[in-house]
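[1] Fold the following and give me the result.
(one chain, ligands or ions: 1)
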Amino acid sequence: MAIQISPSILSADFAHLADEAAAVSPSADWLHVDVMDGHFVPNLTLGLPVVESLLKATDTPLDCHLMIEEPDRWAPAYAEAGAGSVTIHAKAAAAPVRTLREIRRLGARAGLALNPAEPVEPYADIVGEMDMLLLMTVEPGFGGQSFLDVVLPKIRRAREILDTREASVWLQVDGGVSAETIERAAEAGADVFVAGSAVYGAQDPAQAVDRLRALAAGAAGAE
Ligand SMILES: O=C(CO)[C@@H](O)[C@H](O)COP(=O)(O)O
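    Model prediction:
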């Protein structure tokens, strides 16, 4: 299981996003872009124009996490713009399968996200339609929250479901991921880790990414 780290720009300095992307680019596998609309979540961040500018400013592939209403309407444009991965929230989508297919057709990896209280079982039959399942380990909306250990059994269950399918689907966790929590998530079966404050709050963000990857790899290997 290859471990990947996706630093969340929610904890970066929005006035200097190009520099913040550069600060992690030697180490990061992805740059996690938190798109929030102030409706689906109680916070408002950025949208397609900023993503288009970031795409010109960095070679690190963008992992766009759409915490918005009507993702069926908006998600394809992020794929079309060149995002490497576009994730929609299951409960916000009217036609999740159609939208996941459209994201793939436009050349991006397609992700489906579940909030902490949403069970994974109802989506077991459509894992073949996705490239990544994202399990929120905090309530979406804000960085700097504490990792919810209550999600760990769901991470284990999701890993079981994904492992029974032929398709290789990544399992991402997002929220409260740090040097203190990443090993628990990796032991449970996650392989892609979003980290905001643990990376951008560190003196050396690239080094923080490397440390997180090493901790997760150690824990995954020790399973
Ligand atoms: O999507 C979200 C929050 O909604 C996350 O991407 C967080 O922003 C990650 O930040 P930390 O919890 O790692 O500080």
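[2] The closest residue to the ligand within the chain and Ser8, how far apart?
    Ranked by Cβ to the nearest ligand atom, the top residue of the chain for proximity to the ligand is Gly196, at 2.8 Å. Using the backbone N, CA and C atoms, a C-beta is placed for each residue, glycine as well. From Gly196 across to Ser8, the span is 3 Å (Cβ to Cβ, to the nearest Å).
[3] Model confidence score at Gly221, please.
    With respect to pLDDT, Gly221 scores 84.
[4] List the residues that contact it.
    By Cβ atoms under 8 Å, 6 or more residues apart in numbering, the contact list for Gly221 is empty.
[5] Quick one: residues contacting the residue nearest to Ala12 when sequence neighbours are not counted.
    Among residues not flanking Ala12 along the chain, Glu20 sits closest, at 3.7 Å (Cβ to Cβ, 6 or more residues apart in numbering). Neighbouring residues of Glu20 by Cβ under 8 Å, 6+ apart: Ile9, Ala12, Asp13, Tyr200, Pro205.
[6] which one's the longest helix in the chain?
    Using DSSP state H to define each element, the chain has its longest helix at helix 205-221.
[7] What residues of it count as buried?
    In terms of neighbour count (16 or more other Cβ atoms under 10 Å), helix 205-221 has its buried residues at Pro205, Ala206, Ala208, Val209, Arg211, Leu212, Arg213, Leu215, Ala216, Ala217, Ala219, Ala220.
[8] Over to stretch 54-70?
    Buried residues in stretch 54-70, defined by neighbour count with 16+ other Cβ under 10 Å: 54-55, 58, 60-69.
[9] From those residues, which land in strands?
    The members of the buried residues of stretch 54-70 that map onto strands under DSSP state E are Leu62, Asp63, Cys64, His65, Leu66, Met67.
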